[in-house]
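A.B. asks: the following block contains a protein sequence and its predicted model.
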Amino acid sequence: AIMRELILGGARSGKSRLAEQRASDCEQRGMQVIYIATAEALDGEMAERLMHHRANRPAHWLTVEEPVHLAQALKTYAAANRCLLVDCLTLWLSAVLFKGEGGAQLEAGLPLTCPKFWSERQALLDALPRLPGDIVIVSNEIGSGVVPENRLARRFADEQGRLNQDVAALCERVTLSVAGLPLVLRG
């Protein structure tokens, strides 16, 4: 049976480790794992984090770097005998929102009408239920802290929360990772 899972958690909650464990479980069942990385090494600290992540996962997993066109990458690589691990939706959302007019609209306090953002977001939601194989998606649960003072951060948190809800609605399993412990919310 096809399994789509959304794994949510805060910073350093163990969500990526849990997702990698799920992918390893798929591998035990004879599936090929493809790691879809949405992060970009925009500075030295980020490059170091990415290297650390890569060093911790099996070297034979194919890594595909796709910061923006996530739906297209999922459609390209999904197959019945594959598990796609997407890490993470938050960095993807950030790239799609802040590269180009979306970021300018948010900063100006304008309604978010940026066609690129809405089309990429919709493409992801359209693709997800139709993909073959297993899909494990990591995303940040950023709505548990205080409401940010910064208007841009508030708008981002709103969009992240809405995206998490929409993706969760399409997944058979939704898990919250807290202090390295999984709490199954669905499935």
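C.D. replies: That came through, no problem. These figures come from a predicted structure and were not determined experimentally. Numbering: from 1, shown residues only.

A.B. asks: return the helix or strand in this structure with minimum mean pLDDT.
C.D. replies: helix 44-56 (a mean of 82; mean pLDDT, DSSP states H and E).

A.B. asks: can you mark which positions in it are buried?
C.D. replies: For helix 44-56, a neighbour-count test (16 or more other C-beta atoms under 10 Å) marks 50, 53 as buried. To be clear about C-beta, it is placed using only N, CA and C from the backbone, and glycine gets the same treatment.

A.B. asks: now it - C-alpha only, CSV.
C.D. replies: This file holds the C-alpha atoms of helix 44-56, laid out as CSV (Å, rounded to 0.1, in the frame of the first residue of the first chain):
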residue,chain,number,x,y,z
GLY,A,44,29.0,28.9,5.3
GLU,A,45,26.9,27.9,8.3
MET,A,46,24.2,26.5,6.1
ALA,A,47,26.7,24.6,4.0
GLU,A,48,28.1,23.1,7.2
ARG,A,49,24.6,22.0,8.3
LEU,A,50,24.0,20.4,4.9
MET,A,51,27.3,18.6,5.0
HIS,A,52,26.4,17.3,8.5
HIS,A,53,23.0,16.1,7.3
ARG,A,54,24.6,14.4,4.3
ALA,A,55,27.3,12.7,6.3
ASN,A,56,24.6,11.2,8.6
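
A.B. asks: this structure: helices as residue ranges?
C.D. replies: Counting by DSSP state H, the segments of the chain that form helices are 15-28, 44-56, 70-77, 89-98, 101-107, 115-127, 151-168.

A.B. asks: now, of these, which is deepest in the fold?
C.D. replies: Among these, judged by mean count of other C-beta atoms under 10 Å, the one packed with the most neighbours on average is helix 89-98 (a mean of 22).

A.B. asks: check contacts around residue 39.
C.D. replies: Contacts for residue 39 were tallied using C-beta atoms under 8 Å, 6 or more residues apart in numbering; they are 46, 49-50, 65, 67, 87-88, 91.

A.B. asks: how close does it get to residue 24?
C.D. replies: In this view, residue 39 and residue 24 are 21 Å apart by C-beta to C-beta, to the nearest Å.

A.B. asks: can you check residue 173 too?
C.D. replies: As for residue 173, its distance to residue 24 is 16 Å (criterion: C-beta to C-beta).

A.B. asks: same check, this time on residue 45
C.D. replies: Relative to residue 24, residue 45 is positioned 28 Å away (C-beta to C-beta).

A.B. asks: what does residue 183 give?
C.D. replies: The separation that residue 183 has from residue 24, given C-beta to C-beta, amounts to 20 Å.

A.B. asks: cool, residue 79 as well?
C.D. replies: Summarising the geometry, the distance separating residue 79 from residue 24, computed by C-beta to C-beta, is 18 Å.
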